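>>> whatever this is, show me its structure:
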Amino acid sequence: MNGVPPDQRRANVIGLGLIGGSIALALRKRGWTVHGSDADSARVGRAVELDIIDAGGLDGEATITFVATPVSALPAAVADALARTSGLVTDVGSVKSPVASAVRDPRFIAGHPMAGSEQIGLDGADADMFSGAVWVLTPQPDTPDDTFTAVASIVAELGADVVAVPAGAHDALVAVVSHVPHLTAATLMTLADARAEDHAALLRLAAGGFRDMTRIASGHPAIWPDICAENRSAIVGTLDELIEGLFRVRNLVEQGDRAGLTAVLERARQARANLPARSVRPE
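Sure thing, here's the model as predicted:
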């Protein structure tokens, strides 16, 4: 079990959306006392009513504070948390370079749980969301070993597998496995919706493959402008590669190149088969 003594199992969660609420529930399930805060005071009250947090406000003596604000607000929110608390601070944003470079404090380490769902806000909060998920931590060269070890231990207690990755490498990777897939799903769903205006039965005919590929398009759109702004370079570069790849496939189809198309599809099939099994819903 986690090495944090019972009398020190106190945490803050700043930002009570889906991920922040799930972290709070996961901590409380494991015996932590959790204070929560949010820009929307009504959301704090609702979190108390739903037993997602023990109390509103910030516990200045908490062992750890999780910052779960929108990514554009992370540097300021993390700095404020460090100023108002004495314990460790980490964040959960899906873009790491801006906050990791802006905040250099021995009590802070940037992080990102690779988990989520299409649910919105506190109603979708799930204490088991992080069981089996990868939780990335992005230590800087001057991050104390004790800080990394302590945060990693708490994260592992929530059921996650901790992976250490440099912030820049993380942002490049999530552009491929999270950010561009979401934009692609949204684009495909928009295309189908436009066609459905002329062919009312189209979306009723959508089979499993289409539904699987566009599932993530049902996620709440509010977070995505911030993510795209904060990780613009990696996302644009990945979109360029995707467009080039689609254009190559388009040419294979146009030219009737059966062998070339089969090679592309077989490589994709093998790569997909090599993906590790996951027990959680991906972000």
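>>> quick one, strands of the stretch 1-150 of the chain?
Here the stretch 1-150 of the chain has its strands, by DSSP state E, counting those that start in this stretch, at 10-14, 33-37, 55-56, 64-67, 88-91, 108-113, 134-138.
>>> could you dump those to CSV with distance to Gly45 and mean neighbour count?
The C-beta positions use only the backbone N, C-alpha and C, and glycine is treated the same way. Formatted as CSV, those follow (distance: least, Cβ to Cβ, whole Å; neighbours: other Cβ atoms under 10 Å):
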stretch, distance to Gly45, mean neighbour count
strand 10-14, 15, 26
strand 33-37, 10, 23
strand 55-56, 7, 14
strand 64-67, 20, 28
strand 88-91, 24, 26
strand 108-113, 25, 26
strand 134-138, 29, 22
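>>> rebuild those as TSV, extending it with distance to Arg43 and mean pLDDT.
Shown next, in TSV, are the strands of the stretch 1-150 of the chain (distance: least, Cβ to Cβ, whole Å; pLDDT from 0 to 100):
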stretch	distance to Arg43	mean pLDDT
strand 10-14	11	98
strand 33-37	9	98
strand 55-56	10	97
strand 64-67	15	98
strand 88-91	18	98
strand 108-113	20	98
strand 134-138	24	97
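>>> dump these to JSON lines, plus distance to Ser101.
Below are these laid out as JSON lines (distance: least, Cβ to Cβ, whole Å):
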{"stretch": "strand 10-14", "distance to Ser101": "20"}
{"stretch": "strand 33-37", "distance to Ser101": "25"}
{"stretch": "strand 55-56", "distance to Ser101": "31"}
{"stretch": "strand 64-67", "distance to Ser101": "16"}
{"stretch": "strand 88-91", "distance to Ser101": "13"}
{"stretch": "strand 108-113", "distance to Ser101": "9"}
{"stretch": "strand 134-138", "distance to Ser101": "10"}
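>>> tell me how far Ala229 lies from His170.
Distance of Ala229 to His170, computed by Cβ to Cβ, to the nearest Å: 17 Å.
>>> tell me which of those two has more neighbours.
His170 (26 against 13; other Cβ atoms under 10 Å).
>>> so which strand or helix has the more buried one?
Per DSSP states H and E: His170 is located in helix 167-174.
>>> tell me which residues touch Pro139, please.
By Cβ atoms under 8 Å, 6 or more residues apart in numbering, the contact set of Pro139 is Ile109, Thr147, Phe148, Ala164.
>>> could you turn the buried ones of the residues you listed into a PyMOL selection?
PyMOL command restricting these to the buried ones, with burial defined by 16 or more other Cβ atoms under 10 Å:
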select buried, resi 109+147+148
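>>> farthest-apart pair in the contacts of Pro139, please.
Within the contacts of Pro139, Thr147 and Ala164 form the most distant pair, 12.1 Å apart (Cβ to Cβ).
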